[in-house]
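Asker: Here you go, sequence then predicted model.
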There are 2 protein chains.
Amino acid sequence: MKKKRNIIVGQSGGPTAAINASLAGVYRTARERGYQKVYGMLHGVQGLLEEKYIDLSEHITNELDEEILKRTPASFLGTCRYKLPPIHEGMETYEKIFGILEKLEIDVFIYIGGNDSMDTIKKLSDYAILKGYEQRFIGCPKTIDNDLALTDHTPGYGSAAKYIGTSMKEIIRDGICMEYDKGVVTIVEIMGRNAGWLTGASALSKGEDCEGPDLIYLPELDFDIKKFGEKIKKLLKEKGSIVVAVSEGIHTKDGTYVCDLGESIDFVDAFGHKQLSGTASYLASYIAGEFGCKTRSIELSTMQRSASHLASRIDISEAAEIGGAAVKAADEGESGEMVVFKRLSNDPYQCTTEVKNVHKIANEEKLVPREWINKEGDYVTKEFITYVKPLIQGDVAPIMVDGIPRHLYAPKELNQVHVPKK
Amino acid sequence: MKKKRNIIVGQSGGPTAAINASLAGVYRTARERGYQKVYGMLHGVQGLLEEKYIDLSEHITNELDEEILKRTPASFLGTCRYKLPPIHEGMETYEKIFGILEKLEIDVFIYIGGNDSMDTIKKLSDYAILKGYEQRFIGCPKTIDNDLALTDHTPGYGSAAKYIGTSMKEIIRDGICMEYDKGVVTIVEIMGRNAGWLTGASALSKGEDCEGPDLIYLPELDFDIKKFGEKIKKLLKEKGSIVVAVSEGIHTKDGTYVCDLGESIDFVDAFGHKQLSGTASYLASYIAGEFGCKTRSIELSTMQRSASHLASRIDISEAAEIGGAAVKAADEGESGEMVVFKRLSNDPYQCTTEVKNVHKIANEEKLVPREWINKEGDYVTKEFITYVKPLIQGDVAPIMVDGIPRHLYAPKELNQVHVPKK
């Protein structure tokens, strides 16, 4: 049997609270399976092209470091949004990458990311076949958006859903106690340009001790602002505090994003960047204008993807497992595949990993099924909740130092590498 | 000795993550000291005037309920921003309140709130003396803003500071990993119109594993936008990701709020409400316009006062204690007083409660001392950190049910009481 050489791993696309747990899983399984070095590309393939990488053993020195890495938000290795050119247009780029992989004696290349990252795995594995290179390429999914096809769910989604459900519950409670005699409408904007998985998770706040949001609007359906106004008008007669969850990507029937409706408050800076008011702030202005009531708009913003302090235990454990499964697949000879989750049952929740050919995956978006949204198009159904609930179970207690969660030291090159070259 | 009768307690002003711990403390000590009933006014004095109140024993039925109440965000009893009229102008209002107190056989009136609430305690206790009523009135402080005079700190501040320090650290980490080759400036807006206690707490993110925000601007000093731009320009040459913490209340030398500078994006609705862009979004537009770099603006919004899931153990324990101390003071014959914290030492942290005359307290704002802000006016000093650090120590693990923190059922009247009367 040929002696095992080295592994390289990268992270790409928007970070999540679980992406570093996958990195920890890759590291541990690589070690257990006898690989020599585990390299980490800094800022994904884009950094690799400039030979920016680290030896992970210098950063993960013991088991405690692994645990802290699992509790560290954002991409430990840095991220990129770089897309490889089509093979026939970018032979030089590919030769450069494979040159570096040969030099580093890489056997296995793992890429943790979303659709674009699976495209990278596809192209690199195709190129290897084309040119007879022996490296194996495996994709490991991540995205808070949960919009990757062929996998039951994506690592990172469960923790984001838990944060959204919890924060929504706290916001709803804050609304209920608000001032006497004044109705208040709170619009909460949640990430998701095309898929409503995150926004739907706001319904997790609903329970014996909380009514949940009053309305939930996903981008899968057209948004009718008149109908929305009528709903609010009716609700204002029934209760004092109304809370609405909206995806940032909701749009009217003609495809116009709601955040683009507020033309009057656009602002174009000297560089021509258009600064848009957000979806929530537009709707809050609209409601205030229509009904003269008090409104608030809240964006869960970056916190929904970086709140490691409220991660889901299931999500973090599964993210580590799927990282390990990626290494196992490569070690057993697979290439051009993505590891995915297959749910075996909801109650008890059981889930396993499989591999799927990346050619079937890349650039397909998985949306919330129409039948998981109610008929009116303003709430998710029981089926949606049954699907998401297992993914938010259990906690990962932060390791607190002096009152604040501890993270693993970031590679020091990370915040320098951005600096634009002159 | 006269037989003890009943206690009534209310909550007023902006909610905090600790205000219900004070309510739990009031309830427990009232019971322990032999008071008969513990009533809760719904929506403070404003609700009391319409005889809206509950019997707390119907809501807090056992010790577990007390623990859950301590973990419930927002004001359990509802809040108001109602200010009593001057005594000589509002005799009817006062007679009405005392009529209700007599009818309910109240001996002790506890009000948990900020400056306005202490004004209520002052006026009611003055009126009692004036008219010979025997009720005793004690104020119990709360505010995330930490701007009450005469107390070392206010309950609610520690938990908000812990949330801000933690979220800031997660946001900074998210910034570091961002895309290759592009500088990104993130502006985080934190509550505090006049006092910078909350914004200063963003420095708690700084530690061995995090550089902390690059710049911190408090409203205690004038904000110079030119100088700010120069700082950013310099930083953009040194690192890829820059994070700035700003108080919502920062203003230029002539007193104009920074959020009011963006006139071009104002929007006045049909009711004449002016919808302002926020401080952070204005500054993000300014920086994007000046330097053409990528910017993000984030508002910590309602979450910074309602994130019970990340409360500080010290804060919650102290909030419960000071609620108890308020009852004790009244029970021992005090009236027209506020209970306050007196810090005995920082290391080890030791803190006790005292009572202070509300006449000395009302309507005075405690600001961050000039010497706790650096010379440049863009960071807090070591002294600030020494002051705040003890207040964020320890955790209060949420009681999780099905993956989401459990709260105590809100009184069902709460969300109805808002509905505007026709």
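Answerer: Now that the structure is in, tell me what you want to look at.
Asker: Can you read off the backbone torsions of the residue nearest to A:Arg173 when sequence neighbours are not counted?
Answerer: In space, and not counting its chain neighbours, A:Arg173 is closest to B:Ala74: 4.3 Å by C-beta to C-beta, 6 or more residues apart in numbering or on different chains. C-beta here means a position set from N, CA and C on the backbone, and glycine is covered the same way. Backbone geometry at B:Ala74, expressed as degrees, to the nearest 10, gives phi 70, psi 180.
Asker: Just to check, B:Ala74 is in contact with A:Ile176?
Answerer: Yes. Here B:Ala74 lies in contact with A:Ile176, judged by C-beta atoms under 8 Å, at a distance of 6.7 Å.
Asker: Out of these two, name the residue with the larger neighbour count.
Answerer: Shown here are B:Ala74 and A:Ile176; by other C-beta atoms under 10 Å in any protein chain shown, B:Ala74 has more neighbours (30 against 25).
Asker: where does the more buried one land on pLDDT?
Answerer: Reported pLDDT at B:Ala74 in the predicted model: 95.
Asker: picking that back up, contacting residues around the residue nearest to A:Arg173?
Answerer: Remark: with contacts taken as C-beta atoms under 8 Å, 6 or more residues apart in numbering or on different chains, B:Ala74 is in contact with A:Glu170, A:Arg173, A:Asp174, A:Gly175, A:Ile176, A:Cys177, B:Pro15, B:Ile19, B:Asn20, B:Ser306.
Asker: Among those residues, which lie within helices?
Answerer: When DSSP state H defines the helices, the subset of the contacts of B:Ala74 inside them is A:Glu170, A:Arg173, A:Asp174, A:Gly175, A:Ile176, B:Ile19, B:Asn20, B:Ser306.
Asker: Nearest to A:Met338 among those residues?
Answerer: Comparing these against A:Met338 with C-beta to C-beta places A:Glu170 closest, at 35.7 Å.
Asker: What is the neighbour count of that closest one?
Answerer: In terms of burial, A:Glu170 registers 25 neighbours under the definition other C-beta under 10 Å.
Asker: show me what contacts A:Asn146?
Answerer: Applying C-beta under 8 Å, 6+ apart to A:Asn146 gives the contacts A:His153, A:Thr154, A:Tyr157, A:Ala195, A:Trp197, A:Leu198, A:Lys366.
Asker: Kindly report the same for A:Leu42.
Answerer: With the criterion set at C-beta under 8 Å, 6+ apart, A:Leu42 makes contact with A:Lys52, A:Tyr53, A:Ile54, A:Leu77, A:Gly78, A:Pro411, A:Glu413, A:Leu414, A:Val417.
Asker: Buried only: go through these for me.
Answerer: With burial judged by 16 or more other C-beta atoms under 10 Å in any protein chain shown, the buried subset of the contacts of A:Leu42 is A:Lys52, A:Tyr53, A:Ile54, A:Leu77, A:Gly78, A:Pro411, A:Leu414, A:Val417.
Asker: Now do the last one, the pLDDT please.
Answerer: In this prediction, A:Val417 carries a pLDDT score of 50.
Asker: same thing with the second one?
Answerer: At A:Tyr53, the predicted lDDT confidence score is 96.
Asker: And it, how close does it get to B:Leu42?
Answerer: Note on A:Tyr53: its distance to B:Leu42, by C-beta to C-beta, to the nearest Å, is 61 Å.
Asker: ditto for the first one
Answerer: The gap separating A:Lys52 from B:Leu42 is 60 Å, by C-beta to C-beta.
Asker: hang on, the earlier thing: which of the contacts of B:Ala74 tops the neighbour count?
Answerer: B:Asn20 (33 neighbours).
Asker: Having no further points to raise, I will conclude here.
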